[in-house]
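Colleague: give the three-dimensional model of this entry:
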Amino acid sequence: MHNEELARAVRLREEGKKDEARQLLVELAQRYPDDVDVAYQTAWVHDSLGLEAEAVPHYERALAGRGLSAEDRLGAYTGYGSTLRVLGRFEEALEAFGRGLAEFPGDPALRTFMAMALHNAGRSGEAVSTLLKVVAESDKTGGYRRAIEYYADNLDETV
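Modeller: Numbering: from 1, shown residues only. Sure thing, here's the model as predicted:
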C-alpha cells in the first residue's frame, strides 16, 4: 500500500503539486521512518520547495539505510551535498561529495557541485581545477582537451 502512496507523491511532485506531495511524503516518512525510498523522496520534495534545512535529515536517513537504487543513491549524494552547500555548511558538503565520489568515482555532476562547495570553502583553485577536468572529459573541448587537462593541474603556471 505505501508503495502506491509513494508513487502518487512522486507523481504529484513531478506534476508541480509540490505542497501536496510534501504533505503526503511527510506522512509516509512518519509511518515508515526506515524506508530509504520514502526518505529520499521526502528530502527531494523539501529541496524543490526551497526547504533545504528540512531536507537534510531525510537525506541522511536515505543514505544511512540500505536499498536505494544506484541512481537514487547518486541523486541523494548530489542533493545532500548541494543542500549542505546552500545552507553554508561547506565542509560537510565536501565530505558528502567525497563519500558520493567514493561510490560513484568520476561522476561529473557530483564533481561539479563539489567544485561549487570548494569555491565557497575558499578553495577556488581546486574548484577551477575540478571544473576544468570535468570539461576536459566531456566532448565539448574542441581540439583543446590536452591543454585543458594540463592546465587543470597547472592553473597558476605562467611564463
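Colleague: please name the residues that touch residue 34.
Modeller: 61, 65 (CB atoms under 8 Å, 6 or more residues apart in numbering). For the C-beta atoms, the positions are set from N, CA and C on the backbone; glycine is no exception.
Colleague: checking it next. Helix, strand or coil?
Modeller: coil (DSSP: H, G, I helix; E, B strand; the rest coil).
Colleague: what about it, distance to residue 62?
Modeller: 11 Å (CB to CB, to the nearest Å).
Colleague: how about residue 31?
Modeller: Counting by CB to CB - residue 31 and residue 62 are separated by 16 Å.
Colleague: for the two, indicate the residue with more neighbours.
Modeller: Just comparing residue 31 and residue 62: by other CB atoms under 10 Å the higher neighbour count belongs to residue 62, 27 against 11.
Colleague: what residues are up against that one?
Modeller: 36, 37, 39, 40, 43, 68, 72, 76.
Colleague: likewise residue 149?
Modeller: With the criterion set at CB under 8 Å, 6+ apart, residue 149 makes contact with 132, 133, 136.
Colleague: make it 10 Å
Modeller: 132, 133, 135, 136, 137, 141 (CB atoms under 10 Å, 6 or more residues apart in numbering).
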